[in-house]
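In: predicted structure and sequence below. I'll ask about it afterward.
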Amino acid sequence: MDMQNLLHMANKIGSFFASMPDHEEALQGISGHIHSFWAPRMRSQLLAHVDTRNGEGLTPIVLEAILANRDSLKPQSELK
Amino acid sequence: MHKSLNEQDVGTPRSSAVQQVTLEIDGMPVSVAAGTSIMRAAAINGVNVPKLCATDSLEPFGSCRLCLVEIEGRRGFPASCTTPVESGMKVRTQTPKLQSLRKGVMELYISDHPLDCLTCAANGDCELQDMAGVTGLREVRYGYEGKNHLSDKKDESNPYFTYDPSKCIVCNRCVRACEEIQGTFALTITGRGFASRVTAGVDQSFMESDCVSCGACVQACPTATLQEKTVIAIGQAEHGVVTTCAYCGVGCAFKAEMKGTEVVRMVPYKDGQANEGHSCVKGRFAWGYATHQDRITKPMIRSKITDPWREVSWDEALDYAASEFKRIQLKHGRDSIGGIVSSRCTNEEGYLVQKLVRAAFGNNNVDTCARVCHSPTGYGLKQTLGESAGTQTFKSVEHSDVILVIGANPTDAHPVFASRMKKRLREGAKLIVIDPRKIELVSSPHIRAAFHLPLKPGTNVAILSSLAHVIVTEDLLNKDFIAERCEDKAFTEWRDFVSQPENSPEAMQQVTGVAAELVRGAARLYATGGNAAIYYGLGVTEHAQGSTAVMGIANLAMATGNIGREGVGVNPLRGQNNVQGSCDIGSFPHELPGYRHVSDSTTRHLFEAAWGVTIQPEPGLRIPNMFDAALDGSFKGLYCQGEDIVQSDPNTQHVTAALSAMECIVVQDIFLNETAMYAHVFLPGSSFLEKDGTFTNAERRISRVRKVMPPKAMLADWEVTVQLSERLGYPMNYSHPSEIMAEIASLTPTFSGVSYAKLDQLGSIQWPCNENAPEGTPIMHVDRFVRGKGRFIITQYIATDEKVTKKFPLILTTGRILSQYNVGAQTRRTGNIQWHEEDLLEIHPHDAEDRGIVDGGWVEIQSRSGTTVLRASVSQRMQPGVVYTTFHFPESGANVITTDNADWATNCPEYKVTAVQIKPVAEPSQWQKGYTRFAKAQQDLLNQAQNG
């Protein structure tokens, strides 16, 4: 899927949670939202982008959230 | 459920008093509520007092003088409609003197009335005729040679009803209905004495006047003066069936009056709890599409969209569709196909489509068109209050003191509820409107908004945070409510956030364009004006911050304690008939029925046990994700039931490119819609008149849809899904939609008490309906929030990416109008076309003048997504810098212009904000020229199939 669009979507999610005063809660919010609402193929692609391009194009808080909760974002099929 | 064609009319409205009064009527002791009229007291106890100007939907008027009674100890003959009962009163309704008086009155009426009863359209349904019989009228002493109105010209301008002044008895019922029920004030009685006549507007025809064709006047007319043209054409119905309108989210109950399997007319059902006997031009009159010649009633298939369609049997079409889906999954993987179900479909149909996707396709790639309208409501209210639904009944508005309307235009999009709202406003409730446009509610007959905040599109969150800022910093919070009902930490964080100076109305003025004093005044009124209710629509949700705005609304309600009782609450006005229901029954890719996430193993196991399959534990693709996946080659097959994604989704060219990249698109619809032009299999659908089921309206009210005629294509939509599923190797065993609802109830705690039997018994049910609330839940969050404690959420304003620039200096916002509905597939095929035959671009005079644009001239609208051409309507309703259009006609290409920008949480498109440039032009856009060629080619391919 269009990577730029996925990055844009992730950053928008990050913008919302970035206003939370509790930073840890914000990180959990970002990764939790992506986990709850993104199909596995979208999450795989995002994680691959983080791995191969160091998350280029992601805002710092989104990248931090993904790195902090990386395992939870992996599709279940990849955990087996 | 067949109903009597003529329900009892007890003459005057119900009294809301609790106190009972006992009196005697014709020697019979009766007890009724204080404030009840003698007429009503008599009628509900089986004594029918003659009447003509009284009807129980209107306040008593006391003009016809037929309902006179005698009351012991009182002089004269008071009108029973205007005389309230009193304790100990002794009333006589039938005496020789009363009979004589009534007969005399009837003689006067009949002396100026055409005596053409046998050929009159109202024959058998005429109250004047009935009263002539009741009063024993046998002669008219005045003769018929005097002055009369028999040669008065009929007004046949309205496509649905005629006005025949020769049959008018000047009872005022139509005028009063237009005022009291509809609130339009389009009718009046002009002239005096004998010259008195009903007049629309200022001596105009009905079509030229302000009449909105709601039908309230027709409903109220006791004669054939205002008569449906269908009744004139085909005569009186012989039976009636109560069902639910298939248009907007109000969900009005109608009685389909039938002659065999032919609809004669749709009459708003008096006992319908959503509409209480009222209607709008769509539900009342615009049902002719169901039998329109464009209906496709035979299944069709083709290999490529450039091939002619081939009419085939149901078996061949379903076999082909199933084999294609299996082929694609074998080639591209389990997740390469999915389904979309429209919010126009019934709950049972939606449930079956998501079940087919999860159980037969084996993935969670299912979505509903609620994605593109109210998905932010589901998300925002779940996060704050704990349930993805509005909190009230429509009737609750009768207890509101302050009504805040934001991003909604109820008089056009939810007209029957708007009439209830306007009635309350005329009674004195205060109104706040937050909308870029000066919508009708801001200023209309007997309605004036106390505050209109004409914000710039895209700044709802800024306004909502500013309102909250005033409430917090001016100490207008309901602290007791917050302390008892809401999470403390979340509240403290939110309070600190909104208190920041940058959220003040003064600071936000540059962003919103709204004067700070207006915001402060509106906030004070909302917080201190008594029961305050918020009503909102797509002008809130269809934004990049749609979900944030919904949370901002919930924050306001919690901060002021305006939740959990009559007259208050958070009220999303749902666009389509079953938006609420489609979300409730699991049409979203991440949720099973009852808003339970697919990752919840307990819920998943419940469904797995019932369905006998394994359900994937991760969310599927949303509609926009499906398009993106189609373009990258990983999504190849789609089952699309009842939804026209090509016309209704944003960035049309992106959508059509995605569909063109797919291998098998199966469209199930009643017409060859825009999406079907890209389809390989067409499965003919059934209209709401042809099937059983339920719709759930904006107030969580589940109502029955009842079949009144056989499906034109032999199968109801739910049967088609069942047969497709069987061919995919997953048989579903249902013999009637009631069994589908029984399954939903057995698996969904909020629906566990719902059944067709109970719906028949109660009329309708607002969920949750279970052991804790066996008859449903009118008001939610009464003692506690569904999530326990209410959760305030910080709503930081973030400007949309859709910036105005020198190249695109104006903001386009899109919406709906009264006479057309959504993509127009239904209403464009009715007489409603007379009110709106094309989509227009509304533009402020300053913006028009700057560009040399004249009213009615062609203009090009160019955005970052595309270009289209419409005719201009120069209008003061717009603010400078903002233009507006509707999307009811495919050739308009309104969504060629809208962009892929979407709500951060739900991907709901930002239809309401598109940066554009406008200029006058002389010819259609390139897209329109291409569309015209493509649509004609597709029509030719259809014609080839139909002509053999």
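Out: Ah, there it is.
In: and stretch B:894-905, how far out from the chain middle?
Out: Mean-position distance between stretch B:894-905 and its chain equals 23 Å (C-alpha atoms, centre = their mean, to the nearest Å).
In: only alpha carbons, please: show that stretch as CSV.
Out: Once non-C-alpha atoms are left out, stretch B:894-905 reads as follows in CSV (Å, rounded to 0.1, in the frame of the first residue of the first chain):
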residue,chain,number,x,y,z
ALA,B,894,-18.7,16.6,-6.5
ASN,B,895,-16.4,13.9,-5.2
VAL,B,896,-14.0,14.3,-8.1
ILE,B,897,-13.0,17.4,-6.2
THR,B,898,-12.9,16.1,-2.6
THR,B,899,-9.6,14.7,-1.4
ASP,B,900,-8.2,11.7,0.4
ASN,B,901,-7.8,13.7,3.6
ALA,B,902,-9.5,11.9,6.4
ASP,B,903,-10.2,11.7,10.1
TRP,B,904,-7.1,10.6,12.0
ALA,B,905,-8.9,8.0,14.0
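In: residues from the stretch 551-700 of chain B in reach of chain A?
Out: Neighbours of chain A within the stretch 551-700 of chain B, by C-beta under 8 Å from any C-beta of the partner chain: B:589-590, B:597, B:599, B:617-622, B:625, B:628-629, B:631-632, B:634. C-beta here means a position set from N, CA and C on the backbone, and glycine is covered the same way.
In: 10 Å instead?
Out: B:551, B:588-591, B:597-599, B:616-622, B:624-635 (C-beta under 10 Å from any C-beta of the partner chain).
In: where do the helices sit along chain A?
Out: Here chain A has its helices, by DSSP state H, at A:3-17, A:23-37, A:40-53, A:60-68, A:70-73, A:76-79.
In: which strands and helices sit next to the second one?
Out: Going back to what we said before, that points to helix A:23-37. helix A:3-17, helix A:40-53, helix A:60-68, helix A:70-73 (3 or more C-beta pairs under 10 Å, 6 or more residues apart in numbering or on different chains; DSSP states H and E).
In: could you say which one of these comes nearest to chain B?
Out: Within the helices and strands packed on helix A:23-37, the stretch nearest chain B is helix A:3-17; the backing value is 3.7 Å (C-beta to the nearest C-beta).
In: which other helices and strands contact the closest one?
Out: helix A:23-37, helix A:40-53, helix A:60-68, helix B:546-559, helix B:623-631.
In: and it, which residues are buried?
Out: Neighbour-count burial for helix A:3-17 flags A:Leu6, A:Leu7, A:His8, A:Met9, A:Ala10, A:Asn11, A:Lys12, A:Ile13, A:Gly14, A:Ser15, A:Phe16, A:Phe17 (criterion: 16 or more other C-beta atoms under 10 Å in any protein chain shown).
In: save these as a markdown table, and put in pLDDT too.
Out: Below are the buried residues of helix A:3-17 laid out as a markdown table (pLDDT from 0 to 100):
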| residue | pLDDT |
| --- | --- |
| A:Leu6 | 97 |
| A:Leu7 | 98 |
| A:His8 | 97 |
| A:Met9 | 98 |
| A:Ala10 | 98 |
| A:Asn11 | 98 |
| A:Lys12 | 98 |
| A:Ile13 | 98 |
| A:Gly14 | 98 |
| A:Ser15 | 98 |
| A:Phe16 | 98 |
| A:Phe17 | 98 |
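In: any low-confidence regions in chain A?
Out: The model of chain A has pLDDT under 70 over residues A:79-80.
In: could you measure from the closest residue to chain A within the stretch 251-400 of chain B over to B:Val705?
Out: Using C-beta to the nearest C-beta, B:Asp335 is the residue of the stretch 251-400 of chain B that sits closest to chain A, at 6.9 Å. As judged by C-beta to C-beta, to the nearest Å, B:Asp335 and B:Val705 stand 33 Å apart.
In: what do you get for B:Arg877?
Out: Distance, B:Arg877 to B:Val705, by C-beta to C-beta: 36 Å.
In: so which residues of the stretch 701-850 of chain B form strands?
Out: For the stretch 701-850 of chain B, the strands defined by DSSP state E, counting those that start in this stretch occupy B:701-705, B:764-766, B:810-815, B:840-843.
In: so which of these is nearest B:His374?
Out: Nearest to B:His374 among these is strand B:810-815 (14.7 Å), distances taken as C-beta to C-beta.
In: now that closest one: average pLDDT?
Out: Mean pLDDT, strand B:810-815: 95.
In: elements contacting that strand?
Out: Identification of packing neighbours for strand B:810-815 by 3+ C-beta pairs under 10 Å, 6+ apart yields helix B:538-541, strand B:840-843, strand B:858-863, strand B:882-886, helix B:894-897, strand B:914-920.
In: make JSON lines from these and add mean neighbour count, mean pLDDT and distance to B:Pro268 to it.
Out: Converted to JSON lines, these look like this (neighbours: other C-beta atoms under 10 Å in any protein chain shown; pLDDT from 0 to 100; distance: least, C-beta to C-beta, whole Å):
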{"stretch": "helix B:538-541", "mean neighbour count": "30", "mean pLDDT": "97", "distance to B:Pro268": "25"}
{"stretch": "strand B:840-843", "mean neighbour count": "25", "mean pLDDT": "97", "distance to B:Pro268": "30"}
{"stretch": "strand B:858-863", "mean neighbour count": "20", "mean pLDDT": "98", "distance to B:Pro268": "38"}
{"stretch": "strand B:882-886", "mean neighbour count": "23", "mean pLDDT": "96", "distance to B:Pro268": "25"}
{"stretch": "helix B:894-897", "mean neighbour count": "26", "mean pLDDT": "96", "distance to B:Pro268": "31"}
{"stretch": "strand B:914-920", "mean neighbour count": "20", "mean pLDDT": "98", "distance to B:Pro268": "37"}
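In: quick check: B:Val212 touching B:Asn832?
Out: No - counting by C-beta atoms under 10 Å, B:Val212 sits too far from B:Asn832 to count as a contact (11.3 Å).
In: what residues are shared contacts of those two?
Out: Contact with both B:Val212 and B:Asn832 is made by residues B:Val281, B:Leu818, B:Ser819, according to C-beta atoms under 10 Å, 6 or more residues apart in numbering or on different chains.
In: phi, psi of the last one?
Out: What that stands for is B:Ser819. Dihedral pair for B:Ser819: phi -80, psi -20, per degrees, to the nearest 10.
In: just give the nearest non-adjacent residue to it, would you?
Out: Nearest non-adjacent residue to B:Ser819, counting by C-beta to C-beta, 6 or more residues apart in numbering or on different chains: B:Trp835, 3.8 Å away.
In: torsion angles phi and psi at the one you found?
Out: Dihedral angles of B:Trp835 (phi, psi; degrees, to the nearest 10) stand at phi -90, psi -30.
In: what about the closest residue to chain A within the stretch 101-250 of chain B, how many neighbours?
Out: Closest residue of the stretch 101-250 of chain B to chain A, C-beta to the nearest C-beta: B:Gly249 (24.1 Å). Counted with other C-beta atoms under 10 Å in any protein chain shown, residues neighbouring B:Gly249 total 28.
In: that one touches B:Gly283, doesn't it?
Out: No - assessed by C-beta under 10 Å, B:Gly249 is found out of contact with B:Gly283, at 11.9 Å.
In: assumed the residue of the stretch 251-400 of chain B closest to chain A was part of a strand.
Out: No - read with DSSP: H, G, I helix; E, B strand; the rest coil, B:Asp335 is helix and lies in no strand.
In: residues contacting B:Gly581?
Out: Residues counted as contacts of B:Gly581 (C-beta under 10 Å, 6+ apart) are B:249, B:251, B:343, B:345-351, B:368, B:370, B:574, B:587, B:693-697, B:700-703, B:767.
In: out of those, which sit inside helices?
Out: Residues of the contacts of B:Gly581 located in helices (DSSP H): B:Asn347, B:Glu348, B:Glu349, B:Gly350, B:Tyr351.
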